[in-house]
Each structure stands twice: as C-alpha cells, then as structure tokens.
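Asker: Whatever this is, show me its structure:
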Amino acid sequence: MTGRAAAAAAAALVALSALSLLPGRAAGWSLTKKGTVVSYDERSLLIDGKRDLFFSGAIHYPRSHPEMWPKLIKKAKEGGLNTIETYVFWNGHEPEKGKYYFEGRFDMIKFIKLIQEHDMYAIVRIGPFIQGEWNHGGFPYWLREIDRIIFRANNDPFKKEMERFVRFIVQKLKDAELFAPQGGPIILSQIENEYGNIKMNHTTEGDTYLEWAAKLALSTQVGIPWVMCKQVTAPGEVIPTCNGRHCGDTWTMRDKNKPRLWTENWTAQFRVFGDQLAMRSAEDIAYSVLRFFAKGGSLVNYYMYHGGTNFGRTSASYVLTGYYDEAPIDEYGMGKEPKFGHLRDLHNVIRSYQKAFLWGKQSFEILGHGYEAHTFELPEDKLCLSFLSNNNTGEDGTVLFRGEKHFIPSRSVSILAGCKNVVYNTKRVFVHHSERSFHTSDVTNKNNLWEMYSEPIPRYRHTKVRAKEPLEHYNQTKDKSDYLWYTTSFRLESDDLPFRGDIRPVAQVKTSTHSIMGFANDAFVGTGRGNKQEKTFQFQQPIHLKIGVNHIAMLSSTTGMKDSGGELAELKSCILESRILGLNTGTLDLQTNGWGHKAGLEGEDKKIYTEKGMGKVQWKPAQDDRAVTWYKRYFDEPEGDDPVVLDMGSMGKGMVFVNGEGMGRYWTSYRTLAGAPSQALYHVPRAYLKSKNNLLVVFEEELGKPSGILIQTVTRDDICIFLSEHNPGQIKTWLTQGDQIKLIAEDHSTRGTLICPPKKTIQEVVFASFGNPEGMCGNFTIGSCHTPNAKQVIERECIGKPVCVVPVVHTLYGADINCPTTTATLAVQVRCKKS
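Answerer: Below is the predicted model:
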C-alpha cells in the first residue's frame, strides 16, 4: 500500500474509532439498576460484584453555564472517561440559613441526570468543606456567626450544621433516585476533604471528629462506598484516597483491604493574581497515571478535567476568575491538545486489557537503577500486561525484559501488550497539538459608546456604622460584597501643614485586606495591594491636605475569602494601622480617630449593572482613568458559535457584568514578573447573550480605558504535530464490542494525525519541515537539515480534509537522513476553517 493510501485507510479507521466512542450509541441506561450493589475489595470498586476501571474527570457544575454541561460531558466521554466527579457547594445551595437554591448553575440534580444520560458514572464529593479554590472553602458566611463554632472539629455547633446539610443533600439525591442502588449514576461519595492539612490544629480531638464524620456518612445508608481524600487511613469502611501529582510514588495507603483510589490528579496548577502561566505536560500526567495503575490503582480522577470560570464572587482569595484553563478541556469547553488526546489513548489502551489488569496475578521486578516492571498475568487465559518504567530524570535507557530489549525514554512508562509489544509510551505523543487564537469581533467598534457613573465617596458624617477604630472587614460586608468604605475626618491648622511647598504629607495604612484605594478630600491618591503569601501590606501615598477639616476615605476590598486552614472561622481582615506622616507638627495617628463604615457600593445596592437598576442613577458620557467608576455600553452578539471573551487589558481592577450576570473579577493591573496580567481574557458564555443589545457593565476600582475593551471570539483552528521518525509506532485503531474496546488494526509505522474541529477542514499549511525543526506549535522554525518539499507534501495530503494522517518517513519528504544534525523530525502547523 502506498503511503498516501495507507494514510487514507488509517484516517478512515480513526474516524470509525471516534464514532464508536461517542455517547448516545448505547440503548438506554444500563450501568446500574434498582438493587445494584456497589462495594469494593482490595483491587477496585465492585459494581454488582464485578471489578472495573474508573477514569474520572472533575467538572464543577457552578463553574460553567448549564447549556455547556451536555457538551462538556460528551467531550469527557470522547476523552475515554466513564465517570464525572463534582463537589457540592454549600454556600451556593444555602446562602442564607434554611433558604436553599438549586437553580441555574447550581442545579445539581440536572447536572447529575445529564451524566446519567451520557451513560457515565458520577462521584459526588459532599464534604461539606470542599476548599477547591472556592470562596470560603464552600462554607456559607452565616456559619461563622454561630456562637462558639469551630469549623471541622469535634465541636457540637459545627457538627450539628454539618450533619443537617449532609443529610439534606443525601435526601435530595435519594428523592431524585440518583444513587446506584436506585438505578442512578452515583457510585461514590466523599465526606470531609483533605483533613490531614489541618489535623495539627485539632490534635486532641481530630481523630474523634473524623470517626464521627465517617459514622455520619455511613448512617445515611445510600448503599455506596464513602471516601476521605488525602488520607493514608480512614475510619471503618470509609476508603482513604490520594490527592496530588504523583500518587503512585508519593502515597502509601495503610488500609490494605481497600482499593487504591486517586481522587485528585492535578492536571495543572490553579493560579492566583500575580502568578505566571502554570502548565503540566500531557506526558507528565500520563506518566503519573501509569505509575499509579502499575502499583494497583484502579480509579483516577483528573482535577480538573474542565475547570471553567469562577463567575461573580465565587473564587477564593486572590484566585483567578479562569479556573484550570490548562485542563484537558479548557475554560471555554474546547479540547486542549495534546493533553486531551494523549490521555484518551491511555484510557483506551488500559481498558482494552482490563481483564488481565484487574484479575491477573501481580508481580514486580527491578530491571536496573530506576527501571521497574509491574506485570499482571492470567496464564490460563493467556493474558499478560506489563508496565515498564524508567523513573530516571534526563536518562533514556534500554532494558531487557523476558528476553526482549525495550527502549524507554527518561521518566516514562511503556505499556506492553502480551508483556511483549509496546502499545503506548507516556512520552511518545502521537496526537496533534492545538493553539488558541483570538479574533476581535466587528461588534467591538459598533456603537462603542460608553457612559459612566461615579461611585459616591462617603464622608464620616454620612455613615451610620461608626467606631473609635476601624472595624473588621468581613463582619461588616457579611460576604455580600467585596467592598468596605472606611472614612475619617480631622482638622488641621496652618502650623500643622509643611512649610515647604515641595513637601507633601503621606497617608500610611497597614491592612490585612487584599487591596485598598485611597482618597483625600474626594481626590484619588493611589492604590495598594497584597498577595496570597503575605497576610498584610502597607499602603503609602502622598496626599494634598488643607487648613480646616480634611476627609480621608479608604475603599478596602477582598478578592474572595480564604478557602482553607484551621483558622477559617476566625479569619479577619481590617485596617491595622493608619497615620499621616510629614506634617510640620509630626506624625498624626488616625487609628483611634473615630471611623465611619459603609459596606458595599451604591451601584451594588441599586443593582445598576442590570437593565432594571441602571435607571436609578444618572449616567453621563464616559471619561477614561476615573477611579471607583461604573461604565456601561451595549453590544451585539458576535456571529458564529465560537466562544466569546472580553479582553480587559485596557482596564485595572474590578468586576464585569453582562446582562446582569457577574462574569467575575478582573485585576489586569496586577502584573506577573514578566510584566503581563495573570488574566486579561474573561469568558462570556453565549447562553448569557442575546442576538442584539447586550448590556455590558464594568466597575473599575482603579484607572482604566473602557473604550479599549475588546469583544473577541476564540478558536483552536491552528493544529500541529512534532514527531520524529525514530519514535516507535503504536497501536492506534479501536472498535467497541459490547462493553469492551478491541484492537482492530496494528500499525508500527510512525505517523501523526491532524484533526480539525467539527465542521472545519484543513485550508492552509502554515509551516512544514522535515529534518531538525525547533520551537512549539505556533512558533516553529526550520533547522539546518530542512527539506523544502515538506510543505508541498503536506498540502497534497491534507488540504480540504477534516482529518489527515501524516506518515513520518524521511523518504516521503525527500529528506537527507544522513544530514549531520538531523533528528528526523517532522513539524507541521495547519489552519482549519469552515469549508
């Protein structure tokens, strides 16, 4: 068969494979039934007595719009997952004691029923403490105000509320018949969350509390196992699980009669304002999964599989609005390659050999320094599966295993089918890479007319809440707003002011809030901010003062409440010190001067970010660089169905609203060490948009230029491969037979597959080189062994196709394999467009 014919045949088989894995092809729900028994042994969870493998992905329902849920779940199943995991969000469901909310993004029941509709299992982590970079760790604010309460301790007030909420959620899930013994999808639930992180804070009674929590969980009689995560042991029948990056090598479970489950495999690193971009490679994630499975693991949950968006005020302190954007499915719902595809292939390979893996006799062999073999064998069925590991960093090597030599790249694991043939290696990535591109929509400049409303700056005499010293921030806002005004007044005589005109007094304020804005006699004087690591910071700015009464106002703000720690219930935030320096008569201490307080903003109180509320204030033509100012404009929905984002790079710090819905906090003035905003682009789900006249409202705390806000669409139309001819080939073609995925073709040639997004085909070859190209997708450069024929070959093979399988063979491209510096590598970047 010619190379071109082989590529066409392989492409057809890949397409057949993809179709066979799509959800909706099964005839109704069959994973559980009324009376299903979920149990476990030392090897895995058991569904009606049958061991199984569980590849799970975390998708949190409040972090995406309900219209995105079906697409996200479908995409997760295409990625080889059979389970979706989510937390339950106490402060979202019970924002006020006894008043419950299960609508919109918090419709937990709808979300879990969608999981069932896609023939997938569900894991529900009730907690009710969740951490999760979620505001206050999921605890509602009112919980703090209960007398004598201590969170997550052997404390009666806390245990009473925790038990009430847990039983309420369990009953709600029972009423919807969502637990597996009722024929539903939920096979596992969690009580508590990462208690080991704070156990030292409750040394005398921490174990007592955990015992109580375990008994509470088991007493609900839901008929499924419960877990406690990030534990090495758990009380009674509760299963301890691991959270982390490399649980196969860092976690030792003491409960030997329980299965090894991994509830959080971190696919990236959550980021806070000021952080650089944090990435974790597909290769490292795959390596960690196979190390865990090689040592007997049978469930892995990717945290996150889709991170989504921290809408409104839901993020924890300093956490970005975009959450785990580097997950296999990005913030906008698009697959991030190669992470998505490389893990999909891993899932499919292991599932193909799950009989040997789950029932085979396990053995372990050291093959050399840092080299290991873990084998699972069923001799009577002639089934054998091996994991060969090279745990050395920066050292490739060849090992002898059962009479055969096997090359293993550094820090990688190879799967050997039949304990002989390499069918997968964690460091050999054969799927394409994808890069996002952002396109400014024409609607940005259409009617780009902004209006503004300046937030009133309060004075002491106008406030109702007064005290000798500044009051604690959270006790005033009750977590209903980020903002608290502090204001004080004082009189100066002519002798108090500096005699020299080049000397200005300085306002100095020490605070434990997250940021602060300073005003002297209604004039903006500057900002100050803290960071996630340090508990306090100092605001220090020169100010203009006058003879007579002077007014100081400080707008204190918190960017989310802390989400973890043993002191969570006692968390405080306030102005600690305040003084005026540089006066002729010396330093003026204002800390006990008498302070007025106003919680929240007038614009928040009147909801001027909504159509109904905006008429309650007087708007006027906008001006740039106005502190504590609300801005608004209207815009039409961009054409097409690509995700929509706002580029807020022209603004400073504040909040964004679209049609009355909070899109989250922005803080583009908080720069990374590289000088760029940690996040400039903010997702606006299309479900929040109308075709015409969408209301965009921005509250800018600092200084910004609203006319510079860009309305953009996002695509992943640039896709790439970067493969060496020296990479070993792998089995790539699959077909479903019943509930098993079987191999239907074997091809040991090296090749790369370029797959366009739905409804698009390859329309342009941006870059192609065979030899020794360098760089990354979107930034390739040719090397000294470049062959000019590569682009022409790729254009002939791929233009006009939605899927293109490209052989990586030097003869096809006319390359000189004897070129002294060649790596025999093919680098290709193509651009997909609608035909």
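
Asker: give me every residue that touches the nearest residue to Glu404 once chain neighbours are set aside.
Answerer: Excluding the flanking residues, the one nearest Glu404 by Cβ to Cβ, 6 or more residues apart in numbering is Lys420, at 6.4 Å. Where you see a C-beta, it was placed from the backbone N, CA and C, and this is true even at glycine. Going by Cβ atoms under 8 Å, 6 or more residues apart in numbering, Lys420 touches Cys384, Arg402, Glu404.

Asker: And Lys110, by the same measure?
Answerer: Pro66, Trp69.

Asker: Trp226: what's its closest spatial neighbour, skipping adjacent residues?
Answerer: Ala217 (4.2 Å).

Asker: got a pLDDT number for the one you found?
Answerer: Looking at Ala217, its pLDDT reads 98.

Asker: Just to check, it is in contact with Ser189?
Answerer: Yes: the criterion here is Cβ atoms under 8 Å, and Ala217 meets it with Ser189 at 7.2 Å.

Asker: which residues are common contacts for these two?
Answerer: By Cβ under 8 Å, 6+ apart, Ala217 and Ser189 have these common neighbours: Trp226.

Asker: that older thread, and the residue nearest to Glu404, how far from Lys382?
Answerer: From Lys420 over to Lys382 the distance is 12 Å, taken as Cβ to Cβ, to the nearest Å.

Asker: do the same with Arg751
Answerer: 30 Å.

Asker: Which one's more surrounded, those two?
Answerer: More neighbours surround Arg751 than the other of Arg751 and Lys382, with 22 against 9 (other Cβ atoms under 10 Å).

Asker: Pro677 versus the nearest residue to Met648 once chain neighbours are set aside, what's the distance?
Answerer: Closest residue to Met648 apart from its sequence neighbours, by Cβ to Cβ, 6+ apart: Tyr666 at 4.6 Å. According to Cβ to Cβ, Tyr666 stands 8 Å off from Pro677.

Asker: Settle it for me: which of those two has more neighbours?
Answerer: Taking other Cβ under 10 Å, Tyr666 and Pro677 do not tie; Tyr666 has more neighbours (29 against 19).

Asker: quick one: which helix or strand includes the more buried one?
Answerer: Taking DSSP states H and E as the criterion, Tyr666 maps to strand 661-667.

Asker: helices and strands around the helix or strand just after that strand, which ones?
Answerer: Next in sequence after strand 661-667, counting helices and strands by DSSP H and E, comes strand 681-684. When contacts are defined as 3 or more Cβ pairs under 8 Å, 6 or more residues apart in numbering; DSSP states H and E, strand 681-684 packs onto strand 644-647, strand 661-667.

Asker: CA-only coordinates of the last one, as CSV, when you get a sec.
Answerer: In CSV, the C-alpha atoms belonging to strand 661-667 read as follows (Å, rounded to 0.1, in the frame of the first residue of the first chain):
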residue,chain,number,x,y,z
GLU,A,661,-24.8,38.3,35.3
GLY,A,662,-21.4,38.6,37.0
MET,A,663,-18.6,37.3,34.7
GLY,A,664,-16.1,37.5,37.6
ARG,A,665,-13.4,39.7,39.0
TYR,A,666,-10.6,41.2,36.8
TRP,A,667,-7.3,42.5,38.0
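
Asker: The residue lying farthest from the centre of the chain: what's it in contact with?
Answerer: Distance from the C-alpha centroid of the chain, by Cα atoms, centre = their mean, peaks at Asp495 (57.5 Å). Residues near Asp495 by Cβ under 8 Å, 6+ apart: Asn584, Thr585.

Asker: swap in Ile575?
Answerer: Ile575 sits next to Pro470, Tyr486, Val509, Lys510, Thr511, Thr513, Met554, Ser556, Gln591 when contact means Cβ under 8 Å, 6+ apart.

Asker: show me the contacts for the fourth one.
Answerer: If I follow you right, that is Lys510. Lys510 neighbours (Cβ under 8 Å, 6+ apart): Thr536, Phe537, Gln538, Phe539, Ile575, Leu576, Glu577, Ser578.

Asker: Quick one: buried ones out of the residues you listed?
Answerer: Neighbour-count burial (16 or more other Cβ atoms under 10 Å) applied to the contacts of Lys510 gives Phe537, Phe539, Ile575, Leu576, Ser578.

Asker: of these, closest to Tyr474?
Answerer: Closest approach between the buried ones among the contacts of Lys510 and Tyr474, by Cβ to Cβ: Ile575, at 13.1 Å.

Asker: Name the nearest residue to that closest one, ignoring sequence neighbours.
Answerer: Distances taken as Cβ to Cβ, 6+ apart put Pro470 closest to Ile575, at 3.9 Å, once the chain neighbours are dropped.

Asker: and the one you found, how many residues sit next to it?
Answerer: Pro470: 27 neighbours (other Cβ under 10 Å).

Asker: Enumerate every residue touching it.
Answerer: Tyr486, Cys574, Ile575, Ser578, Gln591, Trp595, His597.

Asker: before we move on, what about Tyr305?
Answerer: Tyr305 is in contact with Ser56, Gly57, Ala58, Ile59, Ala76, Gly79, Leu81, Ile84, Thr267, Ala327, Pro328, Ile329, counting by Cβ under 8 Å, 6+ apart.

Asker: What of Arg271?
Answerer: Leu277, Ala278, Val319, Leu320, Ser678, Gln679 are the contacts of Arg271 under Cβ under 8 Å, 6+ apart.

Asker: Show the pLDDT at the residue nearest to Met648.
Answerer: 98.

Asker: Over to Leu568?
Answerer: Value listed for Leu568 in the pLDDT field: 88.

Asker: ok, it touching His136?
Answerer: Yes: with contact defined as Cβ under 8 Å, Leu568 counts as touching His136 (7.3 Å).

Asker: shared neighbours, those two?
Answerer: Residues touching both Leu568 and His136 by Cβ under 8 Å, 6+ apart: Lys562.

Asker: okay, those two: which has more neighbours?
Answerer: Per other Cβ under 10 Å, whichever of Leu568 and His136 has more neighbours is His136, with 28 against 22.

Asker: which of the contacts of Lys510 lies closest to Pro807?
Answerer: Checking those against Pro807 by Cβ to Cβ gives Phe537 as the nearest, at 58.0 Å.

Asker: Setting aside sequence neighbours, what's the nearest residue to the closest one?
Answerer: Leaving aside its sequence neighbours, Phe537 sits nearest to Gly530 (Cβ to Cβ, 6+ apart; 3.9 Å).

Asker: got it, and Asp345?
Answerer: Nearest one to Asp345, counting by Cβ to Cβ, 6+ apart, is Tyr424 at 6.5 Å.

Asker: Name the SS class of that neighbour, please.
Answerer: For Tyr424, the assignment made with DSSP: H, G, I helix; E, B strand; the rest coil gives strand.

Asker: and the helix or strand where Val765 lies, which strands flank it?
Answerer: Assessed by DSSP H and E, Val765 sits inside strand 760-771. Strand pairing for strand 760-771, determined by DSSP bridges: strand 825-834 (antiparallel).
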